[in-house]
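Chemist: 3D, please:
(chains A and B)
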Amino acid sequence: QQQVKQSPQSLIVQKGGIPIINCAYENTAFDYFPWYQQFPGKGPALLIAIRPDVSEKKEGRFTISFNKSAKQFSLHIMDSQPGDSATYFCAASKTKLVFGQGTRLTINP
Amino acid sequence: NAGVTQTPKFQVLKTGQSMTLQCAQDMNHNSMYWYRQDPGMGLRLIYYSASEGTTDKGEVPNGYNVSRLNKREFSLRLESAAPSQTSVYFCASSEDRYSNQPQHFGDGTRLSIL
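Modeler: I've put the predicted structure just below:
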């Protein structure tokens, strides 16, 4: 069963726009919620992560919003750039990472 | 600093053949992982090794075996390859198995089973 559900599957945004990727989880024991970024031909790389005692975390242009009661979290990319075009995975973990299905993001110039 | 190195990068096998995927990390990490990535499925954990000398099954272990050769190396073996094992395989490592430790991934092995 899919414990972490991610949407949308694909997303196209104009440069400067704010793409938003959403994830929902089922297991309330999860205590670590990272986002990974993957470029074609490369492995995923940790982008930003949050723990459930925090409702928001910002690192540069990337922000995670976390809603513990709704069991949902999302990634926002401010002032998006063509170089942000990649596949993004949310994940959740207690002792092992469970990944969402991935979102292929395209930022058009 | 190489990080996590996987070999080979590409491989084509025939059904029934066997092969071993190699992974090595140079970050002195205790924990290592093998994932497979399929379209629309995200990454799914096959096996992991929390520390040298231990291995445990993940979500999709059937058809695979692993060996934690030493602290640096963690190999994945397909004994009798099947078309359903066509996938991209990623090895990862982390400082330890606790949830707040980031995992570092290699660049993958693209495996096709004909």
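Chemist: wait, what's in contact with A:E26?
Modeler: Residues near A:E26 by Cβ atoms under 8 Å, 6 or more residues apart in numbering or on different chains: A:Q3, A:V4, A:K71. (Each C-beta comes from the backbone N, C-alpha and C, glycine too.)
Chemist: what ranges do the strands span in the chain?
Modeler: Let's take chain A. Ranges of strands within chain A are A:4-7, A:10-14, A:20-25, A:33-38, A:45-50, A:56-59, A:62-67, A:72-77, A:86-93, A:97-99, A:103-108, based on DSSP state E.
Chemist: The intended chain is chain B.
Modeler: B:4-7, B:10-13, B:19-25, B:31-38, B:42-49, B:56-57, B:64-68, B:74-78, B:87-94, B:104-105, B:109-113.
Chemist: Please give the number of neighbouring residues around B:Y33.
Modeler: 26 (other Cβ atoms under 10 Å in any protein chain shown).
Chemist: my bad, should have said B:V60
Modeler: Count around B:V60 with other Cβ under 10 Å applied: 18.
Chemist: How about B:Y89?
Modeler: The burial count for B:Y89: 23, using other Cβ under 10 Å.
Chemist: Next, format the strands of chain B as a markdown table and append mean pLDDT and distance to A:A29.
Modeler: Shown next, in a markdown table, are those (pLDDT from 0 to 100; distance: least, Cβ to Cβ, whole Å):
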| stretch | mean pLDDT | distance to A:A29 |
| --- | --- | --- |
| strand B:4-7 | 97 | 28 |
| strand B:10-13 | 96 | 37 |
| strand B:19-25 | 97 | 28 |
| strand B:31-38 | 96 | 19 |
| strand B:42-49 | 95 | 16 |
| strand B:56-57 | 96 | 18 |
| strand B:64-68 | 97 | 26 |
| strand B:74-78 | 97 | 26 |
| strand B:87-94 | 97 | 19 |
| strand B:104-105 | 95 | 24 |
| strand B:109-113 | 97 | 32 |
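Chemist: For the worst-scoring helix or strand of chain A on mean pLDDT, which residues meet the burial criterion?
Modeler: When each helix and strand of chain A is scored by mean pLDDT, DSSP states H and E, strand A:97-99 comes last, with a mean of 92. Across strand A:97-99, burial judged by 16 or more other Cβ atoms under 10 Å in any protein chain shown covers A:L97, A:V98, A:F99.
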